[in-house]
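Student: got a predicted model here, sequence first, then my questions.
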Amino acid sequence: MEHDLLKALFPTAPLAAGGAEFHAPSIEEFFPPVVLFEGTPFELNRIMIIRLIVTLAIVLFFYFGTRRMTLVPGRFQSIVEMGLDFVRVNIAEDLLGKKDGTRFLPLITTIFFLVLGMNITGVVPPFNVAGTSLIGIPLLLAVIVWFTFIYAGLRKSPGKFLRNSLFPPGVPWYFYIIVTPIEFVSTFILRPVTLTLRLTMNMIVGHLLLVLFFSATSFFLYEWQEAGLFRLLSVGTFAFGFAFTLFEILVAFLQAYVFALLTTVYIQLSLAEEH
Amino acid sequence: MLRAHAEEAAHNPLIPAPADLLWGFICFVIILALFWWKVLPAVKKLLDERAAKIEGGIERAEQAQREAAAALDKYNAQLAEARAEAGRIREQAREDGRKIIAEMREQAQAEAARVTAQAQAQIEAERQAAVTSLRAEVGTLAIDLASGVVGESLSDDRKAQALVDRFLAELESEGDKQKTRV
């Protein structure tokens, strides 16, 4: 069992016995074999275990970073504070103001660090796959955001929220025949869908690209034994793989920022007096 | 190959597996609870403390400034009071000095007057004594002389005595007249 677990966590590329067949990565990358609790809703595969490890890392990082905080921060506390300040000042308070920013800060902070942590495993060995590349977490977060911004709007003023969302002011009434269905779809359907797909697809594509470049590198370098001069291609594929690794770090941060920012923007639009 | 295709068809990346949602939800709840109940309150407390500390520092500085200003005012007031006091004392001293000088002068004048008066009285007394003795002697001498001249003793005679007195009175008035004339 333990052996299975280790093998599931740190898979090794099978060495083809002389056969020069290149396996392109497929969507099956994201459905690794189940390791524990097979057949139950608690099925654990590699990606689920990575998620749990990320969660543990976030808990430890912030638990120890904020356990004994001092007025004059030390090095570690400064880093933790910098991260939290980024979300608090640049996202929450900047868009929602001090009062509402503080109200929705736990959710926004959670989304930012959860998405960032799950994204970054896409380029961290030995995980090498993002916890957000399975649709579950993006979908879950999008649904939570959907409920949150509707709750925020209805709580503040149901009439104003529905009028602003469905009947934008400054439009002649007969246009509402077209505008209202569009607004409805864009606000209540497309928002969660785009949130979900933007994150999931970024992570899936990023992972597939990395797998493609690195498996091509290993294919050219040693799997294809009669490669000859084609072996030199491995230099190029590795360079691309490296460049895209750096790019994926950027994407990990960017997608976390975009998800948290859009959450805040949606809440802000729900709370706004007028559009 | 066929099996792989069947599996690929089974795994749609857009449809979440129950385990996917479940574990995602568990991770979300753990992290949300961490931030909501542990991390963000701690940070809020810290930020409040930091703000209070900065505000307290500003407040203390203002307090110190106010105290310094008050001390300066007090010092200036005291200085002015001391100056006024010194002025008053100087004035008083000058006044006292003047008074003392006046008193001394008065005393000296009185003393001088007294000395002068005494001297005059003494002179008067001495003169009186001289006049009296002179009168007696002059009378005797004159009678002696007259006796000699007339040849008879007039010493016991009352007429003779009266004559002498008259003579002397005339003499005196003569002298007084001369004095007034002078």
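Tutor: Arrived safely, thanks for sending.
Student: which pLDDT value does the model give A:M201?
Tutor: On pLDDT, A:M201 comes in at 95.
Student: tell me which element it falls in.
Tutor: In this assignment (DSSP states H and E), A:M201 forms part of helix A:191-218.
Student: pull out the buried residues from that helix.
Tutor: A:191-192, A:195-200, A:202-204, A:206-218 (16 or more other CB atoms under 10 Å in any protein chain shown). Heads up, the C-betas are built off the backbone N, CA and C, glycines and all.
Student: hey, where'd the helices end up in chain B?
Tutor: Under the criterion DSSP state H, helices of chain B are mapped to B:2-10, B:18-33, B:40-150, B:158-181.
Student: now the third one and helix B:158-181, what's the angle there?
Tutor: Helix B:40-150 and helix B:158-181 are oriented at 130 degrees to each other (axes from the mean of the first three to the mean of the last three CA atoms, to 10 degrees).
Student: mean confidence score for helix B:40-150?
Tutor: Mean predicted confidence for helix B:40-150 is 91.
Student: do the same with the first one
Tutor: Within the predicted structure, the mean pLDDT of helix B:2-10 is 47.
Student: need the winner for burial among the helices of chain B.
Tutor: helix B:18-33 (a mean of 19; mean count of other CB atoms under 10 Å in any protein chain shown).
Student: run the chain-centre distance for that helix.
Tutor: Relative to its chain's centre, helix B:18-33 lies at 88 Å (CA atoms, centre = their mean, to the nearest Å).
Student: which helices and strands does it pack with?
Tutor: Packing partners of helix B:18-33 (3 or more CB pairs under 8 Å, 6 or more residues apart in numbering or on different chains; DSSP states H and E): strand A:44-45, helix A:46-65, helix A:94-120, helix A:136-156.
Student: apply 7 Å and report the result again.
Tutor: helix A:46-65, helix A:94-120, helix A:136-156 (3 or more CB pairs under 7 Å, 6 or more residues apart in numbering or on different chains; DSSP states H and E).
Student: return the residues in contact with the residue in chain A that chain B sits nearest to.
Tutor: With CB to the nearest CB, the shortest gap between chain A and chain B falls at A:G136, namely 3.2 Å. Neighbouring residues of A:G136 by CB atoms under 7 Å, 6 or more residues apart in numbering or on different chains: B:16, B:20-21, B:24.
Student: want to throw those residues into JSON lines with distance to B:E91?
Tutor: Shown next, in JSON lines, are the contacts of A:G136 (distance: CB to CB, whole Å):
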{"residue": "B:P16", "distance to B:E91": "103"}
{"residue": "B:D20", "distance to B:E91": "103"}
{"residue": "B:L21", "distance to B:E91": "101"}
{"residue": "B:G24", "distance to B:E91": "97"}
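Student: convert the C-alpha atoms of stretch B:82-93 to PDB, please.
Tutor: C-alpha atoms of stretch B:82-93 as PDB (Å, rounded to 0.1, in the frame of the first residue of the first chain):
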ATOM      1  CA  ALA B  82      10.900  88.900  39.000                       C
ATOM      2  CA  ARG B  83      11.800  91.900  36.800                       C
ATOM      3  CA  ALA B  84       8.800  93.800  38.200                       C
ATOM      4  CA  GLU B  85       9.700  92.900  41.700                       C
ATOM      5  CA  ALA B  86      13.300  94.000  41.200                       C
ATOM      6  CA  GLY B  87      12.000  97.300  39.800                       C
ATOM      7  CA  ARG B  88       9.800  97.800  42.800                       C
ATOM      8  CA  ILE B  89      12.600  97.000  45.200                       C
ATOM      9  CA  ARG B  90      14.900  99.500  43.400                       C
ATOM     10  CA  GLU B  91      12.200 102.100  43.500                       C
ATOM     11  CA  GLN B  92      11.600 101.400  47.200                       C
ATOM     12  CA  ALA B  93      15.300 101.700  47.900                       C
END
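Student: so how far is that stretch from its chain's centroid?
Tutor: For stretch B:82-93, the distance to the chain centre is 4 Å (CA atoms, centre = their mean).
Student: which positions in chain B make contact with chain A?
Tutor: B:7-8, B:11, B:13-14, B:16, B:18-25, B:27-28, B:30-32, B:34-36, B:38-40, B:42-43, B:46, B:49-50, B:53 (CB under 7 Å from any CB of the partner chain).
Student: report the spatially closest residue to B:I15, excluding sequence-adjacent ones.
Tutor: The shortest distance from B:I15 to any non-neighbouring residue, by CB to CB, 6 or more residues apart in numbering or on different chains, is to A:I135 (7.4 Å).
Student: and stretch A:53-71, what's buried?
Tutor: For stretch A:53-71, by 16+ other CB under 10 Å, it's A:53-55, A:58-59, A:61-62, A:65-66, A:69.
Student: swap in stretch A:177-194?
Tutor: So stretch A:177-194, judged by 16+ other CB under 10 Å, has buried residues A:179, A:183, A:187, A:191-192.
Student: so what's whichever residue of chain B sits closest to chain A up against?
Tutor: Residue nearest to chain A within chain B: B:D20 (3.2 Å; CB to the nearest CB). Shown in contact with B:D20 (CB under 7 Å, 6+ apart): A:134, A:136.
Student: looking at the buried residues of stretch A:53-71, which two lie furthest apart in space?
Tutor: Farthest pair in the buried residues of stretch A:53-71 (CB to CB) is A:I53 and A:M69. Separation: 25.7 Å.
Student: any stretches of chain A with poor pLDDT?
Tutor: A:1-20, A:274-275 (pLDDT under 70).
Student: dead centre of it: give me the residue that sits there.
Tutor: A:V115 (4.1 Å; CA atoms, centre = their mean).
Student: that one contacts A:V258, doesn't it?
Tutor: No. Using CB atoms under 7 Å, A:V115 is not in contact with A:V258; the gap is 9.0 Å.
Student: and the contacts of the helix or strand harbouring A:I178?
Tutor: Assigned by DSSP H and E, A:I178 belongs to helix A:176-184. With contact meaning CB under 7 Å, 6+ apart, helix A:176-184 is reached by A:165-168, A:171.
Student: cool, and stretch A:64-75?
Tutor: Counting by CB under 7 Å, 6+ apart, A:76-77, A:80-81, B:38-39, B:42-43, B:46, B:49-50, B:53 sit against stretch A:64-75.
Student: let's see it at 6 Å
Tutor: The set of residues external to stretch A:64-75 that reach it, using CB atoms under 6 Å, 6 or more residues apart in numbering or on different chains, is A:80-81, B:39, B:42, B:46, B:50.
Student: picking that back up, could you give the angle of the helix holding A:M201 to helix A:94-120?
Tutor: Using the same axes, to 10 degrees: helix A:191-218 against helix A:94-120 is 30 degrees.
Student: how far off centre is helix A:191-218?
Tutor: The answer for helix A:191-218 is 11 Å, by CA atoms, centre = their mean.
Student: that helix vs helix A:136-156, what angle?
Tutor: Going by the same axes, to 10 degrees, helix A:191-218 makes 160 degrees with helix A:136-156.
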